[in-house]
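Q: sequence first, then the predicted structure, then my questions.
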Amino acid sequence: MTVRTRIAPSPTGDPHVGTAYIALFNLCFARQHQGQFVLRIEDTDQARSTDDSEKMILDSLKWLGLEWDEGPDVGGAYGPYRQSERMDIYAGYAEQLVERGYAFKCYRTPEELDNIREAKKQNGDLSALNENDLKLDDRETQNRVAAGQLPVIRLKVPERGVCRFKDGLRGEIEIEWSRVDAQILLKTDGMPTYHLANVVDDHLMKITHVLRGEEWINSAPKHQLLYEYFGWEMPALIHLPLLRNPDKSKLSKRKNPTSILFYKKMGFLPEALVNYLGRMGWSMPDEREKFTLQEMLAHFDISRVSLGGPVFDVEKLRWLNACWIREELDTVQLAEKLRAWAFSEENILPVLSQLHQRIEVLSDVAPQAAFMFSGLLDLQEQDFLSASRQERDELLTHLQFTLWRLEALRHWTRETIFSEIKQLSESLQIKLKDFLPPIFVAIAGSTASFSVMDAMALLGPDMSRARLRHAIEVLGGVSKKQMKRLEKDYQALQQAVLP
Ligand code: GLU
């Protein structure tokens, strides 16, 4: 048997360090067994998937040196490797399950589903939705069919008993069937859900080992059922521990930047970041902290993964990056790294085009451009108070609202950023010229810089949002209680501006 592993990211946002972590372990596992590593794009959620996000994921993984043998860019014998290009495959499999009595068509509306759930809860029934809960009598079914209502196809799940499956790191796991719902496999528009597409593709792509995050453990019973119903062999499942914030909560961008692009923009070396990800729940046999990808590949052994939640600690990563800079680069190599990071034409030209009309002598460039080549800025509360007529609480509210607007922004350009900020200031009934100064301070360190919209467009979403979050911290942060109130106010504001 040839070992085949895969990473199956959904291109719905920034390239996440968690994706790189899972990719690294899949790559190492495949290489340890002289196998192949596949990259598949799971873009069945057409509303949320974007080409930009796919490109960023591929570019970031390549930047880290994590190369795949088959994928949408390099092709391979089991393609296409983008689920949106495989859409004609899935419906047939769902129909097959219906014909064989392993899945059923369901005509229930979303409102009915809510009511059924509520009624079950009232009766003290905590089990998941099953086929019986969803049944309609034949007459009603016929009426709905006649009215042109389209069904979803759902998985039939045993109502009683226990599902047992093996996890490569945890041994046998048991989950009661009553907790597993009659999962939708095919939506009314004929599109597959993650569960169906993922299982069908893993099978057709001959994946032998699925290494993925432990948040998918609860999906394993559904997948096991699908393999059983289709009569296919299930790949071995290995759920890797989730990355955590230093306070042990699940790694989230609220507490820690999670985008690989942020770390690139901060000037971390890809070798150091991969090294650090390799330390997440795994160690070299001699426990050394610093190692190359090649060394990790040479010594990889999945049984050395420990399940205690690995903490992704930016301070620790900085320390490791410093080791790489000190020990692996001489001054000439350091100059070369810096040149590529900051002064490549791609990086420096857009900044210079902003400064061109603003400088008098070349020595004006460094101070005026410094914030474009910095990480989080060294700011004090007073910097915000002196730049604005607003009080601290008001500033916090506005920066938090701005951050939320920009977190929801999917296409990051000068124009879209501007339009978000303009709409927000209008809905708050504040003139743009009064609204912008704190944003200038958060992003550029002062109000004297070139346009903050251009600056944000060039800095990218991750660094821009990280600086807004940092500004909120500098102003004293937002307590849990305040956050609740802000969320409410923000929602009210959003609703008020909807036409
Ligand atoms: N598309 C899923 C994700 O975004 C893949 C999960 C899996 O590896 O099965 O993480």
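A: All right, it came through fine. Model, not experiment: these values are computed from the prediction.

Q: now whatever residue of the stretch 101-250 of the chain ends up closest to the ligand: how far from residue 238?
A: Per CB to the nearest ligand atom, residue 212 is where the stretch 101-250 of the chain lies closest to the ligand, at 3.5 Å. Where you see a C-beta, it was placed from the backbone N, CA and C, and this is true even at glycine. Counting by CB to CB, to the nearest Å, the gap from residue 212 to residue 238 is 8 Å.

Q: check residue 69 too.
A: 19 Å.

Q: which one of the two has more residues nearby?
A: Neighbours were counted for residue 69 and for residue 238 using other CB atoms under 10 Å; residue 238 has more, 21 against 15.

Q: give the helix, strand or coil label for that one.
A: Following DSSP: H, G, I helix; E, B strand; the rest coil, residue 238 is assigned to strand.

Q: sec struct for residue 411, please.
A: Going by three-state DSSP: residue 411 is coil.

Q: look up how far residue 29 lies from it.
A: For residue 411, the distance to residue 29 (CB to CB) stands at 36 Å.

Q: cool, residue 445 as well?
A: For residue 445 relative to residue 29 (CB to CB), the value is 45 Å.

Q: where does the nearest residue to residue 21 once chain neighbours are set aside fall, secondary structure wise?
A: Excluding its sequence neighbours, the residue lying closest to residue 21 (CB to CB, 6 or more residues apart in numbering) is residue 277, at 4.6 Å. Here residue 277 sits within helix 270-278, counting by DSSP states H and E.

Q: ok, residue 12 touching residue 45?
A: Yes - with contact defined as CB atoms under 8 Å, residue 12 and residue 45 form a contacting pair (6.5 Å).

Q: residue 445 and residue 29: which is more packed in?
A: A direct count of neighbours by other CB under 10 Å for residue 445 and residue 29 places residue 29 higher, at 22 against 17.

Q: give me the three-state assignment for the more buried one.
A: helix.

Q: check residue 5 too.
A: Applying three-state DSSP: residue 5 is strand.

Q: before we move on, the earlier item: hang on, isn't the residue of the stretch 101-250 of the chain closest to the ligand packed against residue 242?
A: No - Residue 212 is beyond contact range of residue 242, at 10.6 Å (criterion: CB under 8 Å).

Q: quick one: which of these two has more around it?
A: The residue with more neighbours, out of residue 212 and residue 242, is residue 212; 21 against 18, by other CB under 10 Å.

Q: next, the angle from the one helix or strand the more buried one maps to to strand 236-240.
A: With secondary structure defined by DSSP H and E, residue 212 is part of strand 209-213. Put simply, strand 209-213 runs at 20 degrees to strand 236-240, going by axes from the mean of the first three to the mean of the last three CA atoms, to 10 degrees.

Q: can you name every helix or strand that strand 209-213 contacts?
A: When contacts are defined as 3 or more CB pairs under 8 Å, 6 or more residues apart in numbering; DSSP states H and E, strand 209-213 sits against strand 4-7, helix 17-32, strand 236-240.

Q: same list (those) but as CSV, adding mean pLDDT and distance to the ligand.
A: Below are the helices and strands packed on strand 209-213 laid out as CSV (pLDDT from 0 to 100; distance: least, CB to the nearest ligand atom, whole Å):
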stretch, mean pLDDT, distance to the ligand
strand 4-7, 98, 7
helix 17-32, 97, 7
strand 236-240, 98, 9
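
Q: what's the closest of these to residue 349?
A: helix 17-32 (28.4 Å; CB to CB).

Q: for the closest one, name the packing helices and strands.
A: Packing partners of helix 17-32 (3+ CB pairs under 8 Å, 6+ apart): strand 4-7, strand 36-39, helix 51-63, strand 209-213, strand 236-240, helix 260-265, helix 270-278, helix 293-299.
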